[in-house]
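> Following is a predicted model, sequence given first.
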Amino acid sequence: MPQTRIQALLLACTLLVFAPLALALNSTKKLEPTYRHWIEVEVPYIISTAERKEFLSLTTDEQRDSFIKAFWQVRNPDPNSDTNTYKEEHYRRLAYANEQFGNARYEDGWRTPMGRMYIVLGPPKQKATYHEQANMRPIEIWFYQGQNPALPPYFYILFFRHSGSEEWRVYSPTMDGPVALVTTGESQNDNKMALRFIRGSAGDEVAKTACTLIPGEHVDFDKFEPTMESDMLLDTIYGLADNPLTTEAREANRQREHVTLSMLTGDDGTLAYDVIRDGKGRETLSYLFREPLADARLIGQKADGSSYYDLELRTTVVTPDGKPVYEQDDPLTGTLSAAAAEVAKKRRFAAEGRVPLAPGTYVLEATLTNNVDHLAQRRRLTVTVPEVKGDKIAMSPLLEYTAPAAVQDTHGRLPFSFVGFRFTPRDAQAAEIRQGDRLPLVFQLWLGANIAGPQAEKVHVRYVFGAVTASHDAPPEELEDLDASNRDSAGNLLTGHTLDTSSLGPGVYRIVVTATRDSDHRSAYATMNLKVIPASDFVDMWTAYAPFDPEGEALDDLKRGISAEAQGGDADAKAFYASAMAETTTDMRPVEKLAALLSRRGETDELAKLSQQPILMRSAASPKTLTDIAGALKSRSEVKDAVRLLDAQIKLQPPNSALYLSLADACEASGDSARASDLRKLATTVK
């Protein structure tokens with residue numbers, strides 16, 4: 001193939017490889033600084049195109065944090081180790097590249113060709129430098145012993161530069177040729193003559209490397225006829241993150257993490273949930289991820305012989321049309337005595353999850369990973385969080401509980417907690433009991449904050465249970481009257497009942513609970529399927545849940561705000577974000593979420609008022625949040641407040657050109673042109 005055609009082909013391939021990357025990098029401008037720095041500076045050479053596209057499609061910080069965690073975990077050589085040696089080595093290489101190959105002040109060594117090769121390939125086995133050879137440009141040759149199956153066992157990387165003050169470049173025998181390595185004018189366009197100069201000045205080994213980067217490839221010094229092998233090597237290195245062998249290795253690691261990943265969609269037998277309101281009328285969904293059979297693999301044994309369990313419950317919430325809401329990870333860990341471990345191995349297991357949500361319909365996807373054996377299961381279910389309107393009576397789903405029950409939970413932020421009391425769940429919406437056992441149920445009646453009529457108004461509750469199949473016998477029923485004045489300030493009335501099911505034989509039954517008020521005779525009802533199992537076949541259950549979350553109510557209301565906004569309920573989202581801001585002094589996320597919502601809606605006055613939040617004077621906010629608030633202040637001619645805000649924030653975070661420019665605009669508007677000019681000059685020095 002003629003030389004010009006080879007060069008044209010290589011140039012076309014290079015453009016095809018890097019054009020999508022350029023587009024992807026351009027789209028990162030929408031990211032917050034932390035995430036933009038991660039994808040543009042920290043991992044651009046090791047993230048695959050598919051991973052980059054997935055990361056850029058994420059819409060919440062929670063999703064991005066989860067993605068980054070999984071990104072490193074799938075590259076961890078030893079998933080059982082607390083140390084991720086791959087991640088540590090990558091950041092060591094990144095730091096070294098910034099120190100050695102660029103301007104240490106700007107930490108830009110990762111951008112240089114030498115920095116890129118060092119980050120991707122690591123330190124060379126050997127390095128030869130030829131900086132002052134006669135008639136030659138400065139060159140360095142790095143020798144590698146390939147440890148990646150996509151690369152040759154041995155190869156060279158040759159760097160050169162036109163002068164001592166210019167940046168090092170990666171040499172390609174086909175694209176550059178020996179003429180790029182010599183300074184004499186006699187060989188300006190003659191590669192064979194340039195090769196003779198190199199042999200005379202630096203020796204045969206250097207001349208051979210100028211012909212090929214593959215040590216075992218044959219070279220004829222009398223003819224300069226480079227093959228495509230060297231350029232294919234370079235292309236492989238540049239595209240290593242997308243190489244099929246690299247992708248295959250990642251997928252193998254991913255399967256290592258989720259060896260038995262199973263998908264069960266909409267199966268009420270695998271996920272069951274309850275919706276619980278607190279004393280302020282806010283709703284939380286608690287759910288059970290139930291195992292159908294006992295599984296001894298859930299119990300691990302430490303080196304000292306003690307028993308433990310170590311699971312992770314990941315909950316992903318999306319809208320019915322697939323719009324992401326948020327994601328959370330809950331660790332389920334604990335130690336067990338020898339006796340308790342033997343009991344647990346013989347019982348079914350259920351993980352307890354808790355997700356604060358605004359009213360609406362969602363698709364809940366739960367992934368339970370057993371870190372003892374790295375097996376995982378994933379299940380999905382459509383759930384509805386009802387909206388309780390006015391004083392209309394409504395009822396939560398029915399929850400079957402077991403001992404210990406009604407344990408005090410002062411903060412009310414554990415799964416299956418009802419206004420300060422936590423019940424140990426056995427099942428929700430459907431139940432299984434051993435023949436002869438009684439059935440304890442607990443639920444909430446939602447009566448509204450203001451009930452017409454006297455305080456002593458009664459609510460009549462009727463429990464009916466019978467066979468699902470047709471029967472001529474009247475189904476058993478039990479009646480109960482409740483005092484509605486016992487409701488809390490949000491109108492919630494916690495109640496329960498233990499049904500006598502001792503007369504029921506093995507089979508499937510249905511329970512219907514109806515509640516009727518005296519004042520208007522309106523009714524609410526809930527149902528539950530009941531399966532009675534012979535005592536010899538019954539298998540009991542144990543559960544685990546994550547510890548109390550120290551971020552508390554602020555995080556709960558933040559999540560409710562995110563879910564309300566995803567459902568199109570901007571007014572509710574604003575209220576939840578405002579509540580979250582009032583409940584925390586350290587978390588900037590509620591301010592940033594509310595600022596983004598107000599900016600999207602064009603509500604300038606409310607956006608400007610956010611500048612008075614005390615947290616903005618002591619904690620760094622994202623540049624987007626600050627420029628939005630400052631812009632709202634300037635539109636209201638409150639430029640001094642904009643200057644005050646930006647001055648405070650610039651002291652709290654790394655240099656940022658967008659903030660400098662925003663502050664410059666505010667200073668200009670306030671009449672301080674000199675400072676505005678200085679700030680604009682300063683902005684040009686910040687990348």
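Good, I have the coordinates. Residues are numbered from 1 along each chain as shown.

> shaky segments in the stretch 51-200 of the chain?
Scanning the stretch 51-200 of the chain for pLDDT under 70 picks out 80, 104, 185-188.

> can you map out the helices along it?
Counting by DSSP state H, counting those that start in this stretch, the stretch 51-200 of the chain has helices at residues 61-73, 85-100, 113-121, 191-202.

> Just the buried residues of the first one, please?
Think helix 61-73. Residues of helix 61-73 classed as buried: 61-64, 66-68, 71 (neighbour count, 16 or more other CB atoms under 10 Å). For glycine as for every other residue, the C-beta is placed from the backbone atoms N, C-alpha and C.

> try the last one
Across helix 191-202, burial judged by 16+ other CB under 10 Å covers 191, 193-199, 201-202.

> Next: the third one.
Of the residues in helix 113-121, those buried under the neighbour-count criterion (16+ other CB under 10 Å) are 113-121.

> What of stretch 312-329?
312-319, 324-329.

> re earlier: closest to His374 out of the helices of the stretch 51-200 of the chain?
Shortest distance between His374 and the helices of the stretch 51-200 of the chain, using CB to CB, is found for helix 61-73: 10.8 Å.

> Just the CA trace of that closest one, in CSV.
This file holds the C-alpha atoms of helix 61-73, laid out as CSV (Å, rounded to 0.1, in the frame of the first residue of the first chain):
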residue,chain,number,x,y,z
ASP,A,61,-25.6,13.0,42.2
GLU,A,62,-26.8,9.9,44.0
GLN,A,63,-26.7,8.0,40.7
ARG,A,64,-23.3,9.4,39.8
ASP,A,65,-21.8,8.4,43.2
SER,A,66,-23.2,4.9,42.8
PHE,A,67,-21.8,4.6,39.3
ILE,A,68,-18.3,5.7,40.5
LYS,A,69,-18.4,3.2,43.4
ALA,A,70,-19.3,0.4,40.9
PHE,A,71,-16.7,1.6,38.4
TRP,A,72,-13.9,1.0,40.8
GLN,A,73,-15.3,-2.1,42.3
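
> what helices or strands is it leaning on?
With contacts defined as 3 or more CB pairs under 8 Å, 6 or more residues apart in numbering; DSSP states H and E, helix 61-73 has these neighbours: helix 49-57, strand 324-336.

> Backbone dihedrals for the nearest residue to Pro244 once chain neighbours are set aside, please?
Excluding its sequence neighbours, the residue lying closest to Pro244 (CB to CB, 6 or more residues apart in numbering) is Ala150, at 7.9 Å. The phi/psi pair for Ala150 (degrees, to the nearest 10) reads phi -80, psi -10.

> Might you report the residue contacts of Ala150?
Counting by CB atoms under 8 Å, 6 or more residues apart in numbering, Ala150 touches 236, 240, 243-246.

> Could you do Asp295 as well?
Going by CB under 8 Å, 6+ apart, the list of residues near Asp295 reads 345, 348-349.

> One more pass at 7 Å, please.
Phe349 (CB atoms under 7 Å, 6 or more residues apart in numbering).

> need the helices for the stretch 201-350 of the chain, in chain order.
204-211, 229-238, 244-257, 338-345.
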